[in-house]
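>>> Let's see this in three dimensions:
(one chain, ligands or ions: 1)
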Amino acid sequence: MPNYQAVLDATFNHIQPLLHAGKVADYIPALAEQKIGQFAIALHTNEGNSFTAGNCNTRFTVQSVSKVMTLTMALQRYEDELWQRVGKEPSGTAFNSLTQLEFENGIPRNPFINAGAIVTCDALFSRLGAPIHTMLEQYRRQSGNAKVIINKRVAQSEFEYRYRNAAMAYLMKSFSNFSNEVEEVLWSYFNYCAIELNCIELARTFSYLSNQGYCAQSQQQLISAKQTKQLNSLLFTSGLYDAAGDFAYRVGMPGKSGVSGTIIAVVPGQFTIAVWSPGLDKFGNSVAGIAALEYLSEQLGTAIF
Ligand code: GLN
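The predicted model follows:
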């Protein structure tokens with residue numbers, strides 16, 4: 001086994017000059033309060049070992065990383081039928097872009113931009129009793145922390161400033177690509193974004209992505225090996241919005257970012273990593289987080305190509 005601890009320590013060292021780079025997300029007051037200059041990284045192997053560096057006890061909201069779990073749970077219930085409602089193509093536009101929906105009959109390009117995640121939440125909403133509670137319980141099982149909570153202040157604040165996301169949802173409804181009450185589905189979406197984990201819990205939660213769909217913590221086969229391969233492929237092409245190409249070029253792993261400054265990345269067959277540092281670039285991705293994954297993939301030679 002490679003010396004993961006040494007590589008994480010070296011990675012932490014490597015990103016020091018970037019700790020204060022970028023800007024904290026400020027589209028809602030509750031996120032704008034996050035302090036820049038923080039960093040954590042955790043690597044969880046398929047054998048069940050965790051390695052960490054930085055502030056790994058600090059929790060943050062998962063934000064758009066939640067879109068991966070939403071998609072996983074929707075694929076469990078719809079399989080390929082889901083793709084009638086949302087596409088599989090990179091968007092080339094910002095995570096909160098509206099324009100493409102108008103020209104493509106209300107079908108979002110992929111499940112990782114906001115419109116795509118919201119329509120996936122709508123699909124899930126139709127098949128989940130108590131959607132927020134069920135989702136939270138699933139995170140608790142997979143993360144190994146029965147006390148995971150939703151940061152209600154963040155969820156409330158996102159809901160209060162929901163205009164853009166609401167506009168997307170109503171536009172999709174006008175194209176008959178939305179089944180439930182928009183406001184109710186948005187509330188579930190914001191609650192999913194506001195689930196709080198630390199990097200160790202996050203890496204454990206998404207470890208099924210490197211392990212053919214099997215989560216060892218919850219002892220569940222969440223999706224099939226084939227679906228896991230498909231999900232990782234979509235993460236590779238669309239996980240970092242309009243910066244997915246640059247991330248693929250620099251890091252060479254499937255990944256998903258969130259505006260709290262977190263990113264998960266996957267080396268199929270080996271491990272899942274979670275990194276967090278709140279300073280964002282103009283695409284809404286963590287500056288130090290991407291630099292850390294780039295360095296780590298070089299050190300371990302784990303880019304999938
Ligand atoms: N909650 C955020 C939103 O919908 C998620 C965005 C993100 O992490 N990119 O605006």
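>>> Contact partners for the closest residue to the ligand within the stretch 101-250 of the chain?
In the stretch 101-250 of the chain, the residue that lies nearest the ligand is residue 193 (3.8 Å; C-beta to the nearest ligand atom). Just so you know, the C-beta spots here come from the backbone N, C-alpha and C atoms, and that holds for glycine as well. Residue 193 makes contacts with 61-64, 66, 154-155, 158, 258, as judged by C-beta atoms under 8 Å, 6 or more residues apart in numbering.
>>> cutoff 6 Å now
Contacts for residue 193 (C-beta atoms under 6 Å, 6 or more residues apart in numbering) come out as 63, 66.
>>> cool, residue 135 as well?
By C-beta under 6 Å, 6+ apart, the neighbours of residue 135 are residue 192.
>>> Could you list the contact residues of the stretch 1-150 of the chain toward the ligand?
63-64, 95-96, 114 (C-beta under 6 Å from any ligand atom).
>>> Any chance of the residues you listed in CSV with neighbour count as columns?
Below are those laid out as CSV (neighbours: other C-beta atoms under 10 Å):
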residue, neighbour count
63, 24
64, 26
95, 24
96, 16
114, 22
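>>> Restricted to helices, list those residues.
If you go by DSSP state H, those have residue 114 in helices.
>>> how about the residues of the stretch 1-150 of the chain next to the ligand in CSV, adding distance to residue 213 and pLDDT?
Listed next are those as CSV, based on distance: C-beta to C-beta, whole Å; pLDDT from 0 to 100:
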residue, distance to residue 213, pLDDT
63, 23, 98
64, 21, 97
95, 26, 88
96, 30, 90
114, 25, 96
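>>> Report the two of the residues of the stretch 1-150 of the chain next to the ligand separated the most.
With C-beta to C-beta as the measure, no two of those lie farther apart than 63 and 96, at 12.0 Å.
>>> Is there contact, residue-wise, from stretch 159-171 to the ligand?
Yes - counting by C-beta under 6 Å from any ligand atom, the ligand is contacted by stretch 159-171 at residue 165.
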